[in-house]
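[1] predicted model, plus sequence, below.
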Amino acid sequence: MSATAKPRAQRKPMTLLEEADLLMDRLPGWRAEIIGGVLTVTALPDISHAVVLTDLMRHFIAADLDGQETEVIQRIGLWLPTGPDDYAIPDLAIVDADIMEHQRENNCYGPEAFRLIVEVTSNNYNNDLRNKVAAYAEAKIPVYLIVNRKHGRVHVLTDPAAGGYDTHRVHAPGEQITVPDSIGAKVTLDVAELLAAGERKG
């Protein structure tokens, strides 16, 4: 009498969120994001990347933006409206102080609590300059600041609209940037100083 083989159980395919979680477990320090339904993974950035963020944090904290009304936070999850599983992990953000009340899924927070997002470019600079521009605009992030180390510029994007931002100013070394007051305070940044911080070697 021959034994009949039992049919092998079909494994349910993983969702993008499950794939992202699995990748982050296997690649400690790396950052997985889902933007426009596309999963991207970014390597741990270099020391200069961290130095730029520290310099920016000093400016924001000196302007009293890390206090009662707002907080300055690195690598906080942002839930995006661009797809059912979409989220990003910006390098730096200024958020409302009640951010914990805006928690969504996967340890991410609603875009309505974000006043400014900062990205410092690394080897994935096209993601910061293209995909995230559209995603952050659709999420209605009021101010998106990009320290573009690849091209030696600082971008300030405001007035989110469909597919991007209506205002996109590109600043070169020698210029000063006044960040829009909508973040909660007046902050002036020196472009050359930010870019020089991004060139430091560890």
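    Arrived safely, thanks for sending.

[2] which phi and psi does Gly37 have?
    With angles defined as degrees, to the nearest 10, Gly37 sits at phi 80, psi 10.

[3] can you give me the neighbour number for it?
    The tally of other residues near Gly37 (other Cβ atoms under 10 Å) stands at 11. For glycine as for every other residue, the C-beta is placed from the backbone atoms N, C-alpha and C.

[4] which one is it nearest to, not counting chain neighbours?
    Once flanking residues are discounted, Gly37 sits nearest to Gly83: 4.4 Å by Cβ to Cβ, 6 or more residues apart in numbering.

[5] contacting residues around that neighbour?
    34-37 (Cβ atoms under 8 Å, 6 or more residues apart in numbering).

[6] output the below-cut-off pLDDT ranges for this structure.
    1-9, 200-202 (pLDDT under 70).

[7] which residues in it form strands?
    Counting by DSSP state E, the chain has these strands, from start to end: 31-35, 38-42, 70-74, 77-79, 87-88, 92-96, 108-109, 114-120, 143-148, 153-161, 164-171, 176-179, 187-190.

[8] okay, the ones you listed in a markdown table with mean neighbour count next?
    Shown next, in a markdown table, are the strands of the chain (neighbours: other Cβ atoms under 10 Å):
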| stretch | mean neighbour count |
| --- | --- |
| strand 31-35 | 21 |
| strand 38-42 | 15 |
| strand 70-74 | 19 |
| strand 77-79 | 20 |
| strand 87-88 | 25 |
| strand 92-96 | 23 |
| strand 108-109 | 20 |
| strand 114-120 | 24 |
| strand 143-148 | 24 |
| strand 153-161 | 19 |
| strand 164-171 | 15 |
| strand 176-179 | 16 |
| strand 187-190 | 16 |
